[in-house]
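here is a sequence together with a model predicted from it:
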Amino acid sequence: MDNDVDSPAGSEAVLRAAGLSKSFFGVPVLSNADLTLFPGQVHGLVGENGAGKSTLMKLLAGVHQRDSGTIEIAGQAVDFSHPTQAHAAGLSTVFQEFNLLPERSVAENIFLGREPRRGILTDTRTMQARTSELLAELGVSSIRPGSPVSSLSVAQQQIVEIAKAISYDARIISMDEPTAALAGPEVELLYEIIRRLTSRGVAVLYVSHRLKEIFDLCDIITVLKDGQVVGCHPASELDDAALVRLMVGRPISAYFPDIEPGTAVGEVVLRAEKCGNDQLDSIDLSLRTGEIVGVAGLQGSGRTELLEALFGAAPFTRGTMELSGVRYAGRSPREAVRRGIALITEDRKSEGLSLNQSILDNALSVVRSVFPSRNRKARAGIPAMFSSLEVGARDLSQEVQYLSGGNQQKVVLAKWLAVNPRVVLLDEPTRGIDVGAKLAVYQLMRSLAANGAAILMVSSEIPEVLGMADRILVLRDGRIAGTAPPESTEEEVLALAAGVRADQEASQ
Amino acid sequence: MSPRKTPALTSTHIVYAVVLVTIAVGAVLVGSAGRNFFSTGNISDILTGTSVLGFIAIGQTLVILVGSLDLSVPYVISLSSLVAATVMANETGNILPGVLAALALAAAIGLANGLIVSGLKVHGFIATLGMGLIISGYLASNYKGSAGQTPLAFRLIGATGIGPVPVSTLIMLACAGAVLLLLNRSRLGSHMFAVGGDLTVARMSGIKTRVPVIAAHVLCSVLAGLAGLLLAARLGVGSPTIGSQGGYDLLSIAAVVLGGTLLAGGKGSLVGTLGGVLIFAMMDNIMSVLQINPFLKDVVRGVVIVAAVAVYARRRTLGRPARFSDTTGPAGPPDTRPERIQKDTGVTA
């Protein structure tokens, strides 16, 4: 293990963890990991899913208890058995899953569990005033302390999470994939917030799958692989390729796989004309066999709604659609599946999987419910499919909830591959999964295209859309703002999505 | 980054709109039967009808908010009425011991429910169903009929009023006020919402998640005990079947749900629950005045409950405001749109 990071001049480490190990049910997930954080620095923590990043964070936060090792905060040995003890010691964590109550107000969420009191009653006024102060510290004025969290956008909810974290007077804030649900401009806001925090001397531990963010933000990067620290370097000494090599242990020559030989863009499979509903309007599009079409747009521009409309989950109320030249009403998901359309939803846990059912049951769920006659044949094909997808699981009877994010996503894909769809709609197919699993998803998309499927992929990561798509539909406010060719730059697509005057540059 | 507008119409508004409609319908129907819906006697009747169900529904609201249920309330009511009546034994001096004994026993049952639900992780439905059966069996084997007697001074509570407002209703409203303060202005109340909304979030925020659950169960049982005391005052005796006859378990859950509280917990309003109770009381009153077949009453109640929840469910799915409408889009009819967008999606070929 190399550790060539020196402490910045004149500052003591605020957190020093050494030799942390943790096993779950006898399976080691983290072994002998070291981590040192300095005030005012952003420390990146990267690694594939299952590498142990979340476990390391949770050990520091007191969510899980370490099996061995030591943690010191400001020179004091600490041993947390509950997150509140970590908060008291100045360490707070913004977890990947939001820890907010949607029905309660922003202020009530931030002060949950330690509401200020006057006498025996809670002091609502103080609570709201302090919430306003916290948000002002973050440079945010658009959130009212009394609004219910459910009325906020995902980005605003993320800000509330961060406000909650700093409300503990944290000297150390660790963030687990804070941008997983954010789009471009919102990520900028988060950057700004992190800069404000570090300028106040807060140490930030930053976990992300997005390498660009790691390089944008971090001073030091620790790389985890299979539960072990395989490197800790100043960010200036690394580049994308070197980092990816450390993470996966093998070089990824091209991040996005090339189009498979024999892929031919052919007939139009799905055509929509003048379609619209209460979220979308004037949707004209055609998908061809062998084609990968990307969909870009800001949060709330109607990306997910477009996929849901094509899939019949939130149908179009006007306009016409055709599938292979035959009228397609798109009234229900069942009709869509019958006609050969698949939708890989954004939220795999609530919409894509039955978490407490087995891998096999999940993989066969669509076949069984829509094409029961094909069950036997599909069942026979499942083991081969899973070995080609390289799903990391004990066996097919394992419950899906125990799989890592990347492996869960592969199960979702397998569920749809089992019905051989002609049109595959993908909503954020690589959100929150590691580099290796991303690559597997990209390769799968390529091979689906080579086999003649038409693919429509929504992603908030524009490089991903540019790297994979043959052309890119850009949505803005529920309408198609334009089409961008794959040679476009990220800025051109963003400009089109945001409605800035860049239409010309981004046009074909 | 503009926050979505919160819907101005909450479920509580809907409940009270229904209350007004019920009043209007009641006025017409009762008037057509040659009686006055707004007479002092009739109003007093309606308010009397709210008090017993009111006590139970307040408690049930708490229990449902923390994500549990209480099906043992009818038996707690019966037990409380029996304990009170037998301890009092028609002695005015025994009123206080009788009340305290009944409420202490109710609290103990609530504590047991709360411990089973939060400690043994048995869902409230099953835990309180079991507790209800246990009490029911005890009552059936130990009491063959009504027992004990409540003294006149105690019976007056069930019979007197200030103007048209019965004292029992005032006590119920006082309890409601206290619980309202608890829910909206105390840590415990805040933590009840949190535990019912998301147990993990509550735990990660440092809340001792068992406390709100246990507190809700204890309060629910004590309120059911109060309902039992009120019934003992009205009847003059304790009765082993008074709770189950009233069907208060399901009726109170229905009132809570009618009031807009989410059956899954974490979201709801006590004020809404009181509206639900009032609607039930008025429906009962109207149907009694019109001398409607009692079995038909249940049919009407059933229709109202299902319709109300259907309305809420529909509102919840319409969470997001529409951006375009079929008839008039924000910038003209939709079929003129394609021309106005410069770049059509087109086809690459």
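Nice, thanks for sending it over.

got the phi/psi numbers for residue A:327?
Here is the backbone geometry of residue A:327 (degrees, to the nearest 10): phi -50, psi 140.

burial count for the residue nearest to it when sequence neighbours are not counted?
Nearest residue to residue A:327, sequence neighbours excluded (CB to CB, 6 or more residues apart in numbering or on different chains): residue A:320, at 7.0 Å. Backbone N, C-alpha and C define where each C-beta goes, glycine included. Residue A:320 sits with 14 neighbouring residues when counted by other CB atoms under 10 Å in any protein chain shown.

and residue B:222, backbone torsions?
The phi/psi pair for residue B:222 (degrees, to the nearest 10) is phi -60, psi -40.

and for residue A:358, the neighbour number?
17.

confirm for me that it is in contact with residue A:401.
No: between residue A:358 and residue A:401 there is no contact under CB atoms under 8 Å: 10.4 Å.

test my guess that the residue nearest to residue A:327 contacts residue A:329.
No: Residue A:320 is not in contact with residue A:329 according to CB under 8 Å; the separation is 9.0 Å.

C-alpha coordinates for stretch B:80-96, CSV please?
The C-alpha trace of stretch B:80-96 is given here as CSV (Å, rounded to 0.1, in the frame of the first residue of the first chain):
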residue,chain,number,x,y,z
SER,B,80,-62.4,0.0,31.6
SER,B,81,-66.2,0.3,32.1
LEU,B,82,-66.3,-2.8,34.2
VAL,B,83,-63.3,-1.9,36.4
ALA,B,84,-64.6,1.6,36.9
ALA,B,85,-68.2,0.4,37.8
THR,B,86,-67.1,-2.4,40.1
VAL,B,87,-64.5,-0.2,42.0
MET,B,88,-67.0,2.6,42.3
ALA,B,89,-69.8,0.3,43.4
ASN,B,90,-72.2,3.2,43.6
GLU,B,91,-70.1,5.1,46.2
THR,B,92,-69.4,8.7,45.3
GLY,B,93,-66.1,8.6,47.3
ASN,B,94,-64.9,5.8,45.0
ILE,B,95,-65.1,7.8,41.8
LEU,B,96,-61.5,8.8,41.8
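
okay, buried residues for that stretch please.
Residues of stretch B:80-96 classed as buried by neighbour count (16 or more other CB atoms under 10 Å in any protein chain shown): B:80, B:81, B:82, B:83, B:84, B:85, B:86, B:87, B:88, B:94, B:95.

list the buried ones in stretch A:363-378?
A:363, A:364, A:365, A:366, A:367, A:371, A:374, A:378.

chain A next: which of the buried residues of stretch B:80-96 are close?
Among those, not one lies near chain A by CB under 8 Å from any CB of the partner chain.

pLDDT and distance to residue A:325 added to the residues you listed, as a markdown table?
Below are these laid out as a markdown table (pLDDT from 0 to 100; distance: CB to CB, whole Å):
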| residue | pLDDT | distance to residue A:325 |
| --- | --- | --- |
| B:80 | 96 | 73 |
| B:81 | 95 | 75 |
| B:82 | 96 | 77 |
| B:83 | 96 | 78 |
| B:84 | 95 | 79 |
| B:85 | 95 | 81 |
| B:86 | 94 | 83 |
| B:87 | 95 | 84 |
| B:88 | 92 | 85 |
| B:94 | 92 | 88 |
| B:95 | 93 | 85 |
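
how about those residues in TSV, adding secondary structure?
Converted to TSV, the buried residues of stretch B:80-96 look like this (DSSP: H, G, I helix; E, B strand; the rest coil):
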residue	secondary structure
B:80	helix
B:81	helix
B:82	helix
B:83	helix
B:84	helix
B:85	helix
B:86	helix
B:87	helix
B:88	helix
B:94	helix
B:95	helix
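
re the thing from before, surely the residue nearest to residue A:327 is in a helix?
No: read with three-state DSSP, residue A:320 is strand and lies in no helix.

domains for chain A, by residue range?
A:1-90+A:170-254, A:101-168, A:266-340+A:425-508, A:352-420 (automatic domain parsing).

which one of those domains lies closest to residue B:216?
When the domains of chain A are compared by CB to CB, domain A:101-168 sits nearest residue B:216, at 16.5 Å.

does chain B sit close to that closest one?
Yes: counting by CB under 8 Å from any CB, chain B has neighbours in domain A:101-168: A:101-104, A:108, A:112-115, A:117, A:120-122, A:124, A:142-144, A:147-148, A:150-153, A:155-156.

so how far is that domain from its chain's centroid?
Its chain's C-alpha centre and that of domain A:101-168 lie 24 Å apart, by CA atoms, centre = their mean, to the nearest Å.

pLDDT averaged over it - what is it?
Across domain A:101-168, the average pLDDT comes to 88.

for that domain, measure first residue to last.
18 Å (CA to CA, to the nearest Å).

count of neighbours near the closest residue to chain B within the stretch 301-450 of chain A?
Taking CB to the nearest CB, chain B has its nearest neighbour within the stretch 301-450 of chain A at residue A:317, 5.3 Å off. Neighbours of residue A:317 under the rule other CB under 10 Å: 15.
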